[in-house]
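Visitor: Predicted model follows, preceded by the sequence.
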Number of protein chains: 2
Amino acid sequence: MQVYDAPLRDMRFVLNELYSDDGFGALPIHAEFTPDLTDAILEEAAKFCREVLLPLNRPGDEEGCHLENGVVRTPAGFIEAYKAFAEGGWTSLASSPEWGGQGVPEAVGKLVEEMICSANLSFGLYPGLTHGAVCAIEGHASDALKAAYLPKLVSGEWAGTMCLTEPHCGTDLGLLRTRAVPQDDGSYKVSGAKIFISAGEHDLTGNIVHLVLARLPDAPPGIKGISLFLVPKFLPKEDGTPGPRNGVTCAAIEHKMGLKASATCQMLFDNATGWLVGEPHKGMAAMFTMMNAERLSVGIQGLGVGEAAYQSAVWYAKDRLQGRSLAGAKYPDKPADPIIVHPDVRRMLMTMRAYNEGCRALSGWVARALDAEAHSPDPEVRKRASDFVALMTPVVKALFTDLASDSANLAIQCYGGHGYIRESGVEQYARDARITMIYEGTNGVQALDLVGRKLGANMGRYLRSFFHPVSQFIEENNVDGPMKPMVEGLARAFGALQLSTATIAQRGMKDPEEAGAASADYLRLLGLVAMGYCFAKSTKIAGLKLFFGAEDKAFYDAKIKTATYFFERILPQATASFLAIKAGKTSMMALADDAF
Amino acid sequence: MQVYDAPLRDMRFVLNELYSDDGFGALPIHAEFTPDLTDAILEEAAKFCREVLLPLNRPGDEEGCHLENGVVRTPAGFIEAYKAFAEGGWTSLASSPEWGGQGVPEAVGKLVEEMICSANLSFGLYPGLTHGAVCAIEGHASDALKAAYLPKLVSGEWAGTMCLTEPHCGTDLGLLRTRAVPQDDGSYKVSGAKIFISAGEHDLTGNIVHLVLARLPDAPPGIKGISLFLVPKFLPKEDGTPGPRNGVTCAAIEHKMGLKASATCQMLFDNATGWLVGEPHKGMAAMFTMMNAERLSVGIQGLGVGEAAYQSAVWYAKDRLQGRSLAGAKYPDKPADPIIVHPDVRRMLMTMRAYNEGCRALSGWVARALDAEAHSPDPEVRKRASDFVALMTPVVKALFTDLASDSANLAIQCYGGHGYIRESGVEQYARDARITMIYEGTNGVQALDLVGRKLGANMGRYLRSFFHPVSQFIEENNVDGPMKPMVEGLARAFGALQLSTATIAQRGMKDPEEAGAASADYLRLLGLVAMGYCFAKSTKIAGLKLFFGAEDKAFYDAKIKTATYFFERILPQATASFLAIKAGKTSMMALADDAF
């Protein structure tokens, strides 16, 4: 059964307790967002997710989207839920007050995003892409475009998309063929075919604003000849309301493994009127603003699904009676013990739990950096925050979604045969989560981004934004006491990461294929160390709270136990990644293409 | 795109070249099965799978099965394919000539099974379950039942099922409630509800023979009060042809994540006439004959899907043009290089390839042991073979299916966004493979079987059947030369396995939860060592063939490269499993039930 209650206590821990010393907090612009206020926001969001979005999740998967005469119909209930969502102010939460947003810190906004994705990932995509479009327009469009589009996108009255992929080009956008021809009035006529456009067409909003990559007539070939255009479904009238239909149509929707309530559209642009966003031929830069925001969000999507899968598995593990504890019957009054007593079921639950708590702690840190990057009065802090976000964006995207897929599959495994039946709802999590490893750049592309663009950039400056706090923590806490085994474990894994970094830097300089061959394992290794750091830090704080007699003993106690499980049972995988990196590219590249 | 050509060269390597020294070969009963003959069988099977079964795989997934007025309709084409399958003699391949079978060695039969599961897993379940039923009837039923049922099951005229699970009991069969009441004529009236019955009802055969677990009126409670009954859908007439309908009906079919062309039925037995198979209250023993055969087959199912996923990924990786090789354009005449040039795509392809070749080599060894167990004239060999099969059954089942799920997901990842679209056919592999980790005992149950029943049995005798050849191989080959790094890698992993075995034996004796907490990692560790042994042995043989100028240079060369990849990139995971085992149960069991 799909059950979900937002893990508010853990969210508050990440938001208010874990990172007081990272230098990213106490932003004057967010002074009004006291814990009392953010608590209230989180509680309201939790309620909305539980009561409105969750009940639509499984029916939405069964019904899917339907294309009829060029119109995409979302599943029953989605229109009403979206209306309530926008009216509740959830589309405008983290947007700038300049455009009608509520200016809530990203550190809060990302927690709300997590909840939405836990409750209904398909639904979450509609406002999620809009938020990405807002970022791109805010960062690169003209004032006129901003004024015309941002208020309506922020309010949720209109929705946004990003149109990159074409049938013959996904990762390699240099191949794209969509054309844009300048018109005398300063607009452009955009023509071409795009595929895999999430929310490309739907019945939730009065207009849909497409951000489209296309080539100008004088564009140089390849990636350097791509520009970004804003192409609305309906051209706004003078008064700003939707006017005549533009030359954009949905030709088909895809039949997918999952995420069925999210319309994935083939879009045809036929002399559609659009406007340039940013500089000519600089579309990739503008699109990357949107893409980076989306990449973090996709990581959060993974975490959201992972948490929902975990909660649904816990529910079943307590409900399902089967066998007896190996240590003797634990519930002798029942015909059998609930399966949560079995060590291997515990292993699965604890693994999911550790993944979720570790990811939440890490994304909480990144979200704080997002806020500091945008709003810290201190330029040094802004730079360090920006470095950290740049480094962690591919890690959050790829690590979280890999682990989410694992979690969803572990949840199915907890259910046994019942998990394979659609009615149980857990197999949907595995199908839904699967796309998060792929879209907004496959996880392989994320790993290449990490080793190819982020490691060496600015003489390793991005990396230092992460290595520095980790090494400082190890140094400060490597003392006799209860933290010792954990700190030592972190130090070992961190040592392996440092060594791997040096190896990749050295080999990759001579041979970029060496960096490519190490990339997936390196991303995993860095991610494990980052989670390990977050867990060690959490343990320290939880230990102090317990020592000083905090009220919430059960929470802190569970936090330390989960952290211990992570260190004993999950972090050892760092060794395997390290050894794989050390092995280099030879055996990976040895086979000739035609020997496969 | 779903593509599949049986990997005949690798299959012949496993069948004829790899295990000449294991003592399981040269069985007099199989003297007629020369390589020429077995080649012909494998080639015919490959043709049938490619031409008949593969084309039905994706349409079968789209159409699924339908229940109409108590009748289950399989997807279009299944009836004709099944008819051709039975007429071609494929149902009777490995069965005893006593019942009309062809007595082909299991070592060949399992390769054919693999092909069937690669081409069409859903289809394969129908004859697969029949084969399991044949084993149980052959091993435990009366002569009269054997004579009445075996010839028709072996010929494929009738099909079989196994009916274990009930809504409230899967793994814990002690809870089952289906009753059997003895009648004056020696038959029984069987009543109860069973769920998750694969091929419980369908339109492929003239009769369906259910093997049903139920309780006699005087049965002791729990697992020791369960008996096995044969309950046909149609009661045979005097002349053996199907007569009146028995009290067995299909109440519903399940809507599942995958395996949609295989009917998963809820079966109602309402005073159905049945006959006891084996002794009263000894049904579990009889069912385990069937179950063990099925568990090996489910492992092979995993391998089959893994191979199909690999081949489909290779096809795409050569076809899809995207980006340029990091080492400079490899196909400058094309608009981009095929993605097979990218290290991370290689990583995924090589991983799948290594999984498949490693699993095939291991299951080839186990299949030889099956043959030796049944047919060796030497009682010592029979015992050793039987020990080896007992030890490896849970490993083959769980390891192969875990890896198959990984392979299917890697195949999706190679396809990127296209892999998420149903049309591509690869996401079906992930959905189909997912059930293999669950049915016939979840992989967690397999791991418990390994550490709980197999490790300590007969003072470690089962284990010695595997440890002995491995340590002997290490001893004989740990000399300077090209094999050295591989033998050392194997020795390291084997050392970790030995140490883990001792740890589990020691801790598990005092506290069975310790064995449970180690079980999944131990199974993985043992499986990795077994694959490592198979790869090291393969490398040695391939190296010798190359040294002596064998013709098939490309094959042996690729074999060594794949083995090297396995040792450098996959075997290091053994360390993570070892460390996890060492950590023990504490952190896994620390959290109170209500803290989840």
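Guide: Great, that's in hand.
Visitor: Model confidence for A:Gly225, exactly?
Guide: Here, the pLDDT recorded for A:Gly225 equals 95.
Visitor: Leaving out sequence neighbours, find the closest residue to it.
Guide: Nearest residue to A:Gly225, sequence neighbours excluded (Cβ to Cβ, 6 or more residues apart in numbering or on different chains): A:Ala219, at 3.1 Å. All C-beta atoms are positioned from the backbone trio N, CA, C, and that covers glycine.
Visitor: got it, and A:Gly70?
Guide: The shortest distance from A:Gly70 to any non-neighbouring residue, by Cβ to Cβ, 6+ apart, is to A:Thr249 (5.6 Å).
Visitor: OK, contacts around the closest residue to A:Gln428 other than its chain neighbours?
Guide: Using Cβ to Cβ, 6+ apart and skipping the chain neighbours, the partner closest in space to A:Gln428 is A:Asp61 (5.0 Å). By Cβ atoms under 8 Å, 6 or more residues apart in numbering or on different chains, the residues touching A:Asp61 are A:122, A:258, A:260-261, A:422, A:428, A:431-432.
Visitor: Going by neighbour count, which of those comes out on top?
Guide: Neighbour count (other Cβ atoms under 10 Å in any protein chain shown) singles out A:Asp432 as the most crowded of the contacts of A:Asp61, with 30 neighbours.
Visitor: hmm, back to that, make JSON lines from the contacts of A:Asp61 and add pLDDT to it.
Guide: Formatted as JSON lines, these follow (pLDDT from 0 to 100):
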{"residue": "A:Ser122", "pLDDT": "98"}
{"residue": "A:Gly258", "pLDDT": "98"}
{"residue": "A:Lys260", "pLDDT": "98"}
{"residue": "A:Ala261", "pLDDT": "98"}
{"residue": "A:Arg422", "pLDDT": "97"}
{"residue": "A:Gln428", "pLDDT": "98"}
{"residue": "A:Arg431", "pLDDT": "98"}
{"residue": "A:Asp432", "pLDDT": "98"}
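Visitor: Going by residue numbers, what spans are helices in the stretch 351-500 of chain A?
Guide: With DSSP state H, counting those that start in this stretch as the criterion, the stretch 351-500 of chain A has helices at A:379-415, A:426-434, A:443-448, A:461-477, A:484-510.
Visitor: what angle sits between the first one and helix A:461-477?
Guide: Helix A:379-415 and helix A:461-477 meet at an angle of 80 degrees, taking axes from the mean of the first three to the mean of the last three Cα atoms, to 10 degrees as the criterion.
Visitor: so how many other residues sit close to the residue of the stretch 51-200 of chain A at minimum distance from chain B?
Guide: Nearest residue of the stretch 51-200 of chain A to chain B (Cβ to the nearest Cβ) works out as A:Asp172 at 4.3 Å. Using other Cβ under 10 Å, the number of residues around A:Asp172 comes to 19.
Visitor: Look up phi and psi at it.
Guide: phi -90, psi 80 (degrees, to the nearest 10).
Visitor: Tell me which residues touch it, please.
Guide: With Cβ under 8 Å, 6+ apart, A:Asp172 has these contacts: B:321-323, B:336.
Visitor: so which pair among the contacts of A:Asp61 is furthest apart in space?
Guide: Within these, two members stand farthest from each other by Cβ to Cβ: A:Ser122 and A:Arg422, at 15.2 Å.
Visitor: Return the distance of the strand or helix carrying A:Leu276 from the chain's centre.
Guide: Per DSSP states H and E, A:Leu276 falls inside strand A:264-277. In terms of Cα atoms, centre = their mean, to the nearest Å, the centre of strand A:264-277 is set 26 Å apart from its chain centre.
Visitor: same thing with stretch A:208-227?
Guide: Put simply, stretch A:208-227 sits 26 Å off its chain's centre (Cα atoms, centre = their mean).
Visitor: In space, what's closest to A:Arg431 - neighbours in sequence excluded?
Guide: Excluding the flanking residues, the one nearest A:Arg431 by Cβ to Cβ, 6+ apart is A:Gly258, at 2.8 Å.
Visitor: isn't that neighbour right up against A:Gln428?
Guide: Yes - with contact defined as Cβ atoms under 8 Å, A:Gly258 counts as touching A:Gln428 (6.5 Å).
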